[in-house]
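> Test case, fold it:
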Amino acid sequence: MTKHNRISSEPTLGNPSRRHLLTGSAVALAAGGLAGLSRTTFAGEVEPAAKAVAGKPLPAYVAWKDPASMIVHTSSTLETKRSAFGTSVITPAEQLYIRNNLPAPDASIIADRDAWEVRIEGVAKPSTLSLKQLKGIGLETTAMVLQCSGNGRGLFPTKASGTAWAVGAAGCVVWSGVPVRDLVAALGGVTDGMVYMTGSGGEKIPEGLDPKSVMVERSVPLKAMGDALLAWEMNGAPIPLAHGGPLRLIVPGYTGVNNIKYIKRLAFTLEQTDAAIQKTGYRLSPPGQKGDPSQPSVWEMAAKSWINSPAPEAGVVAAGQTLIKGVAFGGVNAVKGVEVSIDGGESWQAAKFVGPDLGRYAWRQFVLSVKLAPGSYTIASRVTDVLGNQQAERSVENTGGYNNASWRDHALKITVA
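Below is the predicted model of the structure:
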């Protein structure tokens, strides 16, 4: 895998907002995040579509984020504004979305990051290793798109239940940590016959609840181990508590829920976990139906792109030469090219990639210069990956509103004057 220089965008320990994160995050998330348990969206009991509240303040545990860049849906769901993505490839931590299924552990866990321990099972030599020990086994840096499974949910023609994300439940992030393949090799290899890699989060389970009903534990196909990391750095700084620090399982090409925060156990297993978040949650179930194990699990991301500028929220676009800008990624494959349409998909023009290519799992930013006369336009983009897979015109609607990669759903209507 290609390695890249680390890019720092995190608040420093000397920043008052950073200190606030370290001391107040767990309390604030416990107060606000537990509200999410009543929805239990991953268990199949879905909530009404959540709408962002204009001007709603940032929750205390992420007060260090840039309020001008964020849409606050709830205390556990914060979306990056389309206009905030910029043109510099990497999404700064201050602008990265938040989606939490459970409140974070107490902030004390990041007081001594190196002491955090993770149990490795399903290998020849099962072991419990500290973060400090992991740092001595190997190192790799990977840029990848981190995207909530429900990103684009609010754009489905039939509105799915859950937070009505548009495009901002995603970002391109640089992670550093030990490659899982190196860790497994150091422990004698995966036990014969194992089929899945299963990660378990370290969140505290509220008393009185069946752990399996709320715990964050996900299984992905064993092949995902190839480029997976146990990461301790994000964008060149220790991973913030709100984003899974001190240690997070990173599975490039897979949706966010599979990238386990506060990972305490990494197991290679014969079967998928029977936790509700896997067994019935994050399944591609037909609209109106609850999830079950016979339905596809939300794992790999599909090829996807969207336009960030010009956007309807910017108001009327001035006639004349206009730069259409956006982002594109291939999920588990690198991207080959992007096309842009200004007539709702009737015709397409090749766009140009701008900025560095940070590898197969990162997104590429694109631009197309067009001359627009006064009138109304429907602008859209579609990406093709290196294997020839093209972004779908339509995505399959489902109860959870997952995996919406439809270029038509992501098209924008703009007015030029």
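> Just give the nearest non-adjacent residue to residue 357, would you?
residue 364 (6.6 Å; C-beta to C-beta, 6 or more residues apart in numbering). No exception for glycine: its C-beta is placed from N, CA and C like everyone else's.
> close enough to count as contact, the one you found and residue 338?
Yes. With contacts counted by C-beta atoms under 8 Å, residue 364 reaches residue 338, the gap being 7.4 Å.
> got any residues that touch both of these two?
328, 353 (C-beta atoms under 8 Å, 6 or more residues apart in numbering).
> any idea how far the residue nearest to residue 357 lies from residue 261?
Distance from residue 364 to residue 261, counting by C-beta to C-beta, to the nearest Å: 27 Å.
> ok, now residue 402?
Applying C-beta to C-beta to residue 402 and residue 261 gives a distance of 19 Å.
> now residue 74
Relative to residue 261, residue 74 is positioned 18 Å away (C-beta to C-beta).
> Tell me where this protein has helices.
Assigned by DSSP state H, the chain shows helices spanning 16-33, 131-134, 180-186, 211-214, 276-279.
> tell me the contacts of residue 96?
Residue 96 neighbours (C-beta under 8 Å, 6+ apart): 65, 80, 146, 171, 173, 243.
> Pop the domain breakdown of this structure in here.
According to automatic domain parsing, the chain is divided into the following domains: 16-279, 304-416.
> pretty sure residue 202 is touching residue 262, no?
Yes. Using C-beta under 8 Å, residue 202 is in contact with residue 262, at 3.6 Å.
> Compare those two and say which is more crowded by neighbours.
More crowded of residue 202 and residue 262, by other C-beta atoms under 10 Å: residue 262, with 25 against 21.
> Show me the shaky parts of the chain.
Where the chain drops to pLDDT under 70, the residues are 1-54.
> one more time with 80
Low-confidence segments of the chain, defined by pLDDT under 80: 1-55.
> what are the ranges of the strands in the stretch 201-350 of the chain?
With strands called from DSSP state E, counting those that start in this stretch, the stretch 201-350 of the chain shows them at 217-221, 229-234, 237-238, 248-250, 263-269, 304-309, 320-329, 335-341, 349-350.
> now the first one and strand 263-269, what's the angle there?
Right, the one you point to is strand 217-221. Orientation note: strand 217-221 sits at an angle of 40 degrees relative to strand 263-269 (axes from the mean of the first three to the mean of the last three C-alpha atoms, to 10 degrees).
> Walk me through which strands strand 217-221 pairs with, and which way each runs.
Strand 217-221 has the following strand partners under DSSP bridges: strand 196-201 (antiparallel).
> what about residue 350, distance to residue 386?
The value you get for residue 350 to residue 386, if C-beta to C-beta is used, is 16 Å.
> got it, and residue 222?
Taking C-beta to C-beta, one finds residue 222 at 23 Å from residue 386.
> Compare neighbour counts for the two and give me the winner.
Taking other C-beta under 10 Å, residue 222 and residue 386 do not tie; residue 222 has more neighbours (15 against 12).
> how near is the more buried one to residue 272?
Distance of residue 222 to residue 272, given as C-beta to C-beta: 11 Å.
> so what's in contact with those two at the same time?
Common neighbours of residue 222 and residue 272, using C-beta under 8 Å, 6+ apart, are residue 196.
> coming back round to it: using TSV, lay out the contacts of residue 96 together with neighbour count.
Below are these laid out as TSV (neighbours: other C-beta atoms under 10 Å):
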residue	neighbour count
65	26
80	26
146	25
171	24
173	25
243	21
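> nearest to residue 322, of those?
Nearest to residue 322 among the contacts of residue 96, counting by C-beta to C-beta, is residue 80 at 22.9 Å.
> tell me the contacts of the closest residue to the closest one other than its chain neighbours?
Nearest residue to residue 80, sequence neighbours excluded (C-beta to C-beta, 6+ apart): residue 168, at 3.7 Å. Contacts here follow C-beta under 8 Å, 6+ apart; on that basis residue 168 touches 71, 79-82, 84, 97, 151.
> next one: residue 155
Taking C-beta under 8 Å, 6+ apart as the test, what residue 155 contacts is 166, 404, 406, 409-410.
> Out of these, grab the one that's most surrounded.
residue 404 (26 neighbours).
> count of neighbours near the nearest residue to that residue once chain neighbours are set aside?
Leaving out its chain neighbours, the residue that sits closest to residue 404 by C-beta to C-beta, 6+ apart is residue 152, at 3.3 Å. Residue 152: 28 surrounding residues under other C-beta under 10 Å.
> isn't residue 152 right next to residue 162, touching?
No. Using C-beta under 8 Å, residue 152 is not in contact with residue 162; the gap is 11.3 Å.
> Overlap of the contact sets of those two?
residue 401.
> circling back to that earlier point, among the contacts of residue 155, which lie within strands?
Using DSSP state E, no member of the contacts of residue 155 sits in strands.
> List just the nearest of those to residue 392.
residue 406 (5.8 Å).
> show me the contacts for the spatially most central residue of the chain.
By C-alpha atoms, centre = their mean, the mean C-alpha position of the chain lies nearest to residue 147, the distance being 2.5 Å. Shown in contact with residue 147 (C-beta under 8 Å, 6+ apart): 169-171, 255-256, 301.
> and the gap between it and residue 331?
Between residue 147 and residue 331 the computed distance is 9 Å (C-beta to C-beta).
> what's the answer for residue 304, then?
For residue 304 relative to residue 331 (C-beta to C-beta), the value is 7 Å.
> Looking at those two, which has the bigger crowd around it?
residue 304 (30 against 25).
> Not counting sequence-adjacent ones, nearest residue to that one?
residue 405 (4.0 Å).
> Would you mind confirming that that neighbour is in contact with residue 395?
Yes. The criterion here is C-beta under 8 Å, and residue 405 meets it with residue 395 at 5.5 Å.
> Find residues that contact each of the two.
In contact with both residue 405 and residue 395: 152, 302, using C-beta under 8 Å, 6+ apart.
> Who are the contact partners of residue 288?
For residue 288, the contact set (C-beta under 8 Å, 6+ apart) comprises residue 399.
> thinking again about what came up before, closest one of the contacts of residue 155 to residue 372?
For the contacts of residue 155, the nearest to residue 372 is residue 410 (19.3 Å; C-beta to C-beta).
> How much space separates the closest one from residue 307?
From residue 410 to residue 307 the distance is 8 Å (C-beta to C-beta).
> what sits in contact with each of these two?
The contact sets of residue 410 and residue 307 overlap at 380-381 (C-beta under 8 Å, 6+ apart).
> rewinding a little: need the overlap of contacts for residue 202 and residue 262.
Joint contacts of residue 202 and residue 262 (C-beta under 8 Å, 6+ apart) are 105, 109.
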